[in-house]
Every structure is written in structure tokens, then in C-alpha cells.
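**Student:** Need a 3D model of the following:
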Amino acid sequence: MTVNFPSLAPTSRSYTAGEFPTKRFNSISGAGTTRLYGSKAYNVSLNLEFILSDADLTSVLSCYDQAKGSAYGLTLPSEVFDGMSSDVRSQIPDHVTWRWDATPQVESLFPDRSRVRVSLLGTLDG
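**Tutor:** Numbering: from 1, shown residues only. A predicted model of the protein is given here:
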């Protein structure tokens, strides 16, 4: 099951590329080798910050509830990547399943406006 993330453009975004499944083996002499166990990166990190009205905030919190935290995957709309060039966007893997990495953080700025921080994790699901 996947849940649709709200179609909102973030005010800021940070991305951390994923890691590849590797394992380093070292012998007693110090010589070593590295094994690659797959060709796809996983544990991709995407952190988003929004300034939202209460109505849009409700949609983000509802998405978190519907996904049961990190239990279900998320479908990210193109708005999440607004402002990214197509070259950069093409480097974000499309083979990962996006999930909530942490609960949304809400900071009330003034009536009907909140700063919301969202942390997502791209997992490699079988």
C-alpha cells in the first residue's frame, strides 16, 4: 500500500545520496577486498521544510497518519522537487520506496501559518 504525499512545494530541501550494499573484508595481514552485493543505492534521505497554512498542515499530518508512520510507502508528487533542474532530479533514484523517517515537526509561526519539517527515507524494498 502507498499513500499520496500532499502536492506541496517545499521552501527548502536537502538530499543525501544513498549507500550501496557493500562489505569490506580484511585479512590478518591487512590486505582486504570489498564486495558489492547489489547495484542500487538505498537509505536515500530527503528532508523538506514547508511554510504552510493550517489546511495544508492538516494534509501533511493526515498523510503521516494514513501511512501509519513508516509502515507504508509514499508516492511523492512532482511539486516536492519544484525548483530542481532536470539534471539534478535525474540523480534521485526512482527505484526507492519513500517512507517517513521521523514524525513531522511543526513549529507555529503565527495564526494559520506553521513551519513544518519532514524527513523521508528512500528504502530498497524487495
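**Student:** which residue ranges form the strands in this structure?
**Tutor:** 2-4, 12-16, 22-26, 32-36, 44-52, 73-75, 97-100, 105-110, 113-123 (DSSP state E).
**Student:** quick one: which of the ones you listed is nearest residue 91?
**Tutor:** Nearest to residue 91 among the strands of the chain is strand 12-16 (8.7 Å), distances taken as C-beta to C-beta. Where you see a C-beta, it was placed from the backbone N, CA and C, and this is true even at glycine.
**Student:** Can you check what angle separates the closest one from strand 113-123?
**Tutor:** Per axes from the mean of the first three to the mean of the last three C-alpha atoms, to 10 degrees, the angle that strand 12-16 makes with strand 113-123 is 20 degrees.
**Student:** Which secondary structure elements does strand 12-16 sit against?
**Tutor:** strand 44-52 (3 or more C-beta pairs under 8 Å, 6 or more residues apart in numbering; DSSP states H and E).
**Student:** Mind listing the strands the strand it packs on pairs with, and their directions?
**Tutor:** strand 12-16 (antiparallel), strand 113-123 (antiparallel) (DSSP bridges).
**Student:** How far off centre is it?
**Tutor:** Remark: strand 44-52 is offset 8 Å from the chain centroid, using C-alpha atoms, centre = their mean, to the nearest Å.
**Student:** Mean confidence (pLDDT) on it, please.
**Tutor:** Strand 44-52 shows a mean pLDDT of 97.
**Student:** Give me the buried positions along that strand.
**Tutor:** 44, 46-48, 50, 52 (16 or more other C-beta atoms under 10 Å).
**Student:** before we move on, what about stretch 110-125?
**Tutor:** Those would be 114, 116-118, 120-124, for stretch 110-125 by 16+ other C-beta under 10 Å.
**Student:** same deal with stretch 10-27?
**Tutor:** 10, 13, 15, 18.
**Student:** could you dump those to JSON lines with distance to residue 69 and pLDDT?
**Tutor:** Below are these laid out as JSON lines (distance: C-beta to C-beta, whole Å; pLDDT from 0 to 100):
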{"residue": "10", "distance to residue 69": "20", "pLDDT": "97"}
{"residue": "13", "distance to residue 69": "21", "pLDDT": "96"}
{"residue": "15", "distance to residue 69": "21", "pLDDT": "94"}
{"residue": "18", "distance to residue 69": "21", "pLDDT": "91"}
